[in-house]
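Q: everything below, folded, please.
(one chain, ligands or ions: 1)
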Amino acid sequence: MTKLTCVSLTAGSCSAIERVVFQQGRWRTVYFPATVLLLHHPVHGYGLVDTGYSQHFFAASARLPYRAYRWATPVQFDAQQAVAAQLPALGVPVADIKWIILTHLHADHAGGLLTFPTAQVFVTQTAWQAAEHVSGVTAVRQAILPALFPKDFGAQATLLTPQTTVALPQQWQPFQHGHDVFGDGSVFTIGLPGHAPGQVGVAFLDQANRAVFAVADACWTQQELMAHWQPTRASAQVLHHSEDYRATQQLLRQLHAAQPDIVLLPTHCAASHAAYRDDYD
Ligand SMILES: [Zn+2]
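A: Okay, here's the model as predicted:
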């Protein structure tokens, strides 16, 4: 089985009041990192899962109505935190990023896309169809900043369609179907509906032969997922589909119960990413 080398990076973060997000939260400010996975495939080279924040995010949200995104979600970021700024120290020229999987198109995931104009981008057709025609206040409400997408993105991106899914290996049950991104069984995208249109997670074996499932924003943190925390009414309003969100979380808990060794990496879970990085120090 083809293994990938994986490094977890953080490209900025956003802050929120925990009690505003979760019914079980406390009245304290919590910081949610915008993590990015740097992967290396033996044949397809370097790639990313999501792109975090970058200077493009600030340009795209400079003016109203897009500025409102930053009021709703305060962002902590400096230029050294952009993925592209971190790559050279890892020995990876920016131009060596050959492919990017966007789990969904929220601005904290697509925020660095313009930095990698030559990379092949994989995203679901559902995600793009929901994003391509929205603008203004409608876009901001869906956490979309249209200026983050290259011109002709829809034509250039590799759109993953429901017709091209395959049966997943037993290991990922109860998840049944996904996309075999490179056709070699090394990287699967797996639908995680509810949070945003067409959201997927990314599943692969890492350098230590561990199964990793980057679960995007299917939950904010693993703690919240396992403790069945409930979104507040305000945060439930920004979910694309509440029932699907709960069903996806139930499947993730089932997967974890059946395969506790699978590393679940929610994009914004600082603890999960810290533990994963510690394992390789
Ligand atoms: Zn999101």
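
Q: in stretch 216-235, which residues are buried?
A: Using 16 or more other Cβ atoms under 10 Å as the burial criterion, the residues of stretch 216-235 that qualify are 216-222, 224-225, 229, 231, 235. All C-beta atoms are positioned from the backbone trio N, CA, C, and that covers glycine.

Q: run the chain-centre distance for that stretch.
A: Centroid separation for stretch 216-235 versus its chain: 15 Å, with Cα atoms, centre = their mean, to the nearest Å.

Q: next: stretch 94-110.
A: Put simply, stretch 94-110 sits 9 Å off its chain's centre (Cα atoms, centre = their mean).

Q: so which one among the buried residues of stretch 216-235 has the lowest pLDDT?
A: Between the buried residues of stretch 216-235, the one the model trusts least by pLDDT is Ser235, at 85.

Q: mind listing what the closest residue in space to it that isn't next to it in sequence touches?
A: Using Cβ to Cβ, 6 or more residues apart in numbering and skipping residues adjacent in sequence, the residue nearest Ser235 is Val21, 4.9 Å away. The neighbourhood of Val21, defined by Cβ atoms under 8 Å, 6 or more residues apart in numbering, consists of 30, 220, 231-232, 235.

Q: go ahead and confirm Ala203 touches Gly191.
A: No. With contact defined as Cβ atoms under 8 Å, Ala203 does not reach Gly191; the gap is 11.4 Å.

Q: what does the protein put close to the ion?
A: With Cβ under 5 Å from the ion as the criterion, the chain comes near the ion at residues 106, 217.

Q: ok, now with 8 Å
A: 103-104, 106, 108-109, 143, 195-196, 199, 216-217, 267 (Cβ under 8 Å from the ion).

Q: just the ones in strands from those, please.
A: Among those, the ones falling in strands (DSSP state E) are Ala216.

Q: now the closest residue to the ion within the stretch 51-200 of the chain: how far from Val166?
A: Here the residue of the stretch 51-200 of the chain nearest the ion is His106; by Cβ to the ion that distance is 3.5 Å. Using Cβ to Cβ, to the nearest Å, one gets 26 Å for the distance from His106 to Val166.

Q: when those two are compared, which one has more neighbours?
A: Each of His106 and Val166 has its neighbours counted (other Cβ atoms under 10 Å); His106 has more, 27 against 12.

Q: the closest residue to the more buried one other than its chain neighbours: neighbour count?
A: The spatial neighbour of His106 that comes closest, neighbours along the chain excluded (Cβ to Cβ, 6+ apart), is Ala143 at 4.1 Å. Residues within reach of Ala143, counting by other Cβ under 10 Å, total 21.
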